[in-house]
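# Got a predicted model here, sequence first, then my questions.
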Amino acid sequence: MTFTQTLLDGHEGSFRPHTLTPMQKLTLRYVVVGLVFYGFAAIEGMIMRIYQIEPISLFSPTQYFGILTAHPLVGIFGSSYLLVFGAFLFLVPFLMKKPLWSLRLANWTLWLIGGGTMTFWLDGFISHYAPLYTLYWPLPADFEQFHPLSGAIFIAGIALVMVGTGLFVVNVFKTITYTPAGEERQPGKALLASALGFTGLANLFRRPERRKEHLVPLPVAAIARGSVDTALNAAVILFTGVLILVYMVAKLAGVSLEHSAIDALLYKNWFWWGLDLIADGMVLIFVAGTWYLMAMLITGKPLFMQNIARAALLLELVVSWTVWSHHLLSDQAQPEILKILSGEAVTAFELITQGLAFFITLATLWSARPLKMTNELKFLLGGLLGFALAVPAGIIQADLGLNRILHNTQWVVGPHVHVAILVGLTMTLYAAMYKLLPILTNGAKLYSQKLATFHFWAHLVGGVGMGAFMGMAGLKGMLRRTIYFDGEYLPFMILAGICGALLLAAFAAFLYNILMTVGLRGALGIFQRSTLDPDVLVPETRP
Amino acid sequence: MVDSGTVLWGQAIAYTCYVIGAMLLVGWFSYRVTRTRAGGGVPPALFWTFFALLVVCGVSLHIVSYNTIPWSPTDVHRDSIEADKTFLIEVENHEFLLPELPLQIDCHDKVLFEVTSHDLTYGFGLFRADNSMLFQMQVLPGHTNDVLWQFQRNGVYTIRSTEYSGPRGYRMIVPGAVEVTGCPAET
């Protein structure tokens, strides 16, 4: 095939979008939109990397902080949420062997999250509304720095994302518990109990012969438990958004409400409790579940220590509700007991739960050796390494003494946040994408293995390297969320910038590889309506 | 006396060693998992040993740090420690309002910095001449924000807001805001 033919029709013409079921098309739409937003976040990240080397005149400081506000929100909601939700809306019915409860709801989730992300991104781009994702009170309602209308549009965009998220959670739980038309009635309550871990918990107190079997596969249990945190987080953010909106609407109506009506510390506790349900709950639980699924799919074997893995997932869920105070170790008004118990002691449990997930995944892979070093295996190992590096970095900063000299430095956002998200989470997602690609495309052949190998190494070296150099600068006192004009940390920032460029190159190689795999016509075909039976997940395998 | 620079060096060395170890482990695993099987699966005893190691690491970090980092116990018990000097600092409209400039401190003095915000959430940090951080805390409106610090070395320090407080916040820097004198010269 010529280059042009491949570009138009995909590698060897092996991708034929008209053969895709509605569920396959929907999942691929999630992937496409999620990758577009990943591109947004990656370009924004590169702009900020350049700005940290030399504050370029093309962007004013207000524009810079607008980008700084949009970057994590686009990356998490626009990209990670859509990639994860798309994969799980496919995997839950796939593993439960029944159709998704509602395709329409899944479509609404996609467009609400996509539309919401575009809304707050565009608003931030145009108006420079920049309270950061932390929204520390009363900054989001500081109308000397921000216009209330721009803030209201921004918050409305976030609210759309949260509504879409809520619909995702409903769809997941309904799919687990409902009985498809014409089938024998399924035990909804027992399925729910198994998914949330109550069955496993009760089994601990039952005699062996009276223990109940797990009705839900382990990865589905992980998705269900992570979805609990997802729902709670959406509720917290929605409530906070409404609170902020009240101030904005009042201001637009000519009334100035007192900022002191809301206690800044109470607000911060409330907000971090909710936000940590993503960072220290949903992400860790979803990632562990994906590791387990990938290990089982790659090896074709059951998971090592499966019951312990289930118990660890439940423990992680409980831990995620009680760790928020590690974000307030530098808040001197925060009660010391909360700092020590929630901030230090419970947070240390994450080392245990995530360490066990790491070990169980490796042990499962080990039991099936020799394994072929496929793309999914190498990206899975990269994802495991990412969390092996990032979780201890987080535990270190969640210490009263060390937090005094690490809080809000580049250490937090480098070796912890970016290594966790870019190396840990994103490489795990890439592993799933490479594994699911033939299933979702009915056997489309990857265009270039060389590009996939470059994608792996450039992403791994770029992600770990960027985190490392940001961390080194942080240990030298470099703050996050500010601008340095005199080249104070120039060597570290140049090296971090080179690693950032490597990450961008990795993404470009991946995108090109996927585009050449499915072709332009194929990519457009994903967005055309499927005429196949919506209850069929993949052709010729009716669930 | 250990200062924050020493602690950061120790942390950098410990974490770097850990990172190298983790990379070597995953690299070794990646190689061996593709080789022909030469033994059984993973024995449960190894799993439980690893579990015990995680528990020991998780618990011991905070115990060790509390007993080795000098400002940790000071911070926890600062309400019952008498300060040699107290500075009341206010923050408003993205500006630090200091009682004097520079704030003069004698070596080994325990100094209480009490910072009050009249509008937004800010940060309060002291930085050395080489831009490395001595310490920091958050400054929340409507609350008492205080940190007790014992100075062990001569030097001139910059005060800087360590929390984002909107686009105007990055200019919140007061060079030469704190001067510590009277410590014996280091050899």
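Thanks, I have the structure now.
# When you work out contacts or count neighbours from here on, use the C-alpha atoms and nothing else.
OK.
# can I see the domain layout of chain B?
According to the domain assignment given by automatic domain parsing, chain B is divided into the following structural domains: B:4-75, B:83-181.
# check contacts around the residue in the stretch 51-200 of chain A that chain B sits nearest to.
The minimum distance from the stretch 51-200 of chain A to chain B, using C-alpha to the nearest C-alpha, falls at residue A:62 (5.5 Å). If a contact means C-alpha atoms under 8 Å, 6 or more residues apart in numbering or on different chains, then residue A:62 has A:128, A:130, B:167 as its contacts.
# Just the CA trace of the lowest-mean-pLDDT helix or strand in chain A, in CSV.
When the helices and strands of chain A are scored by mean pLDDT, DSSP states H and E, helix A:198-203 comes last with a mean of 84. The C-alpha atoms that make up helix A:198-203 are tabulated as CSV, following Å, rounded to 0.1, in the frame of the first residue of the first chain:
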residue,chain,number,x,y,z
PHE,A,198,-19.4,-6.8,51.7
THR,A,199,-19.5,-10.5,50.7
GLY,A,200,-15.8,-10.9,51.1
LEU,A,201,-15.9,-9.1,54.4
ALA,A,202,-18.7,-11.3,55.7
ASN,A,203,-16.8,-14.4,54.6
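# Flag every buried residue along it.
Neighbour-count burial for helix A:198-203 flags A:199-200, A:203 (criterion: 16 or more other C-alpha atoms under 10 Å in any protein chain shown).
# and the residue nearest the centre of chain B, what pLDDT?
Among the residues of chain B, residue B:135 comes closest to the average C-alpha position under C-alpha atoms, centre = their mean, at 5.6 Å. If you check residue B:135, the pLDDT there is 96.
# where's it, which helix or strand?
The secondary structure element spanning residue B:135 is strand B:133-139 (assigned by DSSP states H and E).
# Can you name every helix or strand that that strand contacts?
Where contact means 3 or more C-alpha pairs under 8 Å, 6 or more residues apart in numbering or on different chains; DSSP states H and E, strand B:133-139 is packed against helix A:400-406, helix B:4-32, strand B:110-117, strand B:122-127, strand B:145-150.
# Reformat the ones you listed as JSON lines; add mean pLDDT.
Below are the helices and strands packed on strand B:133-139 laid out as JSON lines (pLDDT from 0 to 100):
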{"stretch": "helix A:400-406", "mean pLDDT": "95"}
{"stretch": "helix B:4-32", "mean pLDDT": "94"}
{"stretch": "strand B:110-117", "mean pLDDT": "97"}
{"stretch": "strand B:122-127", "mean pLDDT": "98"}
{"stretch": "strand B:145-150", "mean pLDDT": "96"}
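# Quick one, which of those gets closest to residue A:376.
Evaluated over the helices and strands packed on strand B:133-139, closeness to residue A:376 peaks at helix B:4-32, with 12.6 Å, by C-alpha to C-alpha.
# Now do that closest one against strand B:133-139, angle only.
Taking axes from the mean of the first three to the mean of the last three C-alpha atoms, to 10 degrees, one finds that helix B:4-32 is oriented at 90 degrees with respect to strand B:133-139.
# which SS state does the residue of chain B most remote from its centre fall under?
The C-alpha centroid of chain B is most remote from residue B:36, which lies 48.0 Å away (C-alpha atoms, centre = their mean). Reducing the assignment to helix, strand or coil with DSSP: H, G, I helix; E, B strand; the rest coil, the entry for residue B:36 is coil.
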